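Starting from these lines, generate the structure:
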Amino acid sequence: MLEQKKGKLVERLKQFREENKLKQKEMYEAMQCSQAAYSSYENVKSDKVPSIEMLLNLHEQYDISIDWLLGIDDTETIKKKKELKTIGDIIESLFLIEDATQTSISAMEETRYDLSYDGAKPYDVTLYGLCFESNFYYGEYLNDFMKEWNETKEFCRGKEIGTTMYELWKKDIIQKNKNKNIDPFDDLPDEGLPFITEQDTL
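Next up, the predicted model:
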């Protein structure tokens, strides 16, 4: 029985690492153990197993289910917590959103009359925002969200309990949309978005 549980743990540690393209170094640093110790945890012939504290550390870093790791829950979705640390990470995430939703993200341009940094002279500043092409599958939903997001921020700004209200709204909007699955198109032309034309969709 113990050998079976050890085997399942070995299998799922390695599965999680490979599916999320992690190096062993990232795993043992997350678990806060040595390189040698982690290598033994991925070796089915070793009798060493990580402590509960190490598994909790891994859970905190990558939001991975401990029950799934131990083979208790076979239906648990593996999730990797991705931190956005660079501008490149943010840009990559926008590309991922566009690919996943099969919508086209476009830039909105707005010029505002603003003050210079030192307050000496006014000047025009051009700002760019995002909009989602409403003629595509998810554009309407995403644009509705962007509108509500903007209105909520404006409503909460400057209020004494504004931060609390905003955090509650965030949790609520996420929960409301959890059951709306993304179903990519199967019949897009080879060139795909964002270069698809209206004629191609007919």
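
Leu58: neighbouring residues, count only.
Taking other Cβ atoms under 10 Å as the criterion, the count of residues near Leu58 is 22. For glycine as for every other residue, the C-beta is placed from the backbone atoms N, C-alpha and C.

Surely it and Met31 touch.
Yes: between Leu58 and Met31 there is a contact under Cβ atoms under 8 Å: 5.1 Å.

distance between the ends of stretch 129-143?
Taking Cα to Cα, to the nearest Å, stretch 129-143 runs 12 Å from one end to the other.

Residues that sit against both of Leu58 and Met31, list them.
Pro50 (Cβ atoms under 8 Å, 6 or more residues apart in numbering).

average pLDDT across the helix or strand hosting Glu92?
Applying DSSP states H and E as the criterion places Glu92 in helix 87-101. On average, the pLDDT along helix 87-101 is 77.

which regions of this protein lie under the pLDDT threshold?
Applying pLDDT under 70 to the chain picks out residues 1-5, 74-83, 102, 112-123, 134-138, 182-202.

domains for it, by residue range?
2-69, 90-201 (automatic domain parsing).

which of the ones you listed sits most buried?
The highest average neighbour count among the domains of the chain, using mean count of other Cβ atoms under 10 Å, belongs to domain 2-69 at a mean of 15.

Report the separation between the closest residue to Ile105 other than its chain neighbours and Met31.
Nearest in space to Ile105, with sequence neighbours left out and distances taken as Cβ to Cβ, 6 or more residues apart in numbering, is Glu98 at 5.0 Å. In this view, Glu98 and Met31 are 34 Å apart by Cβ to Cβ, to the nearest Å.
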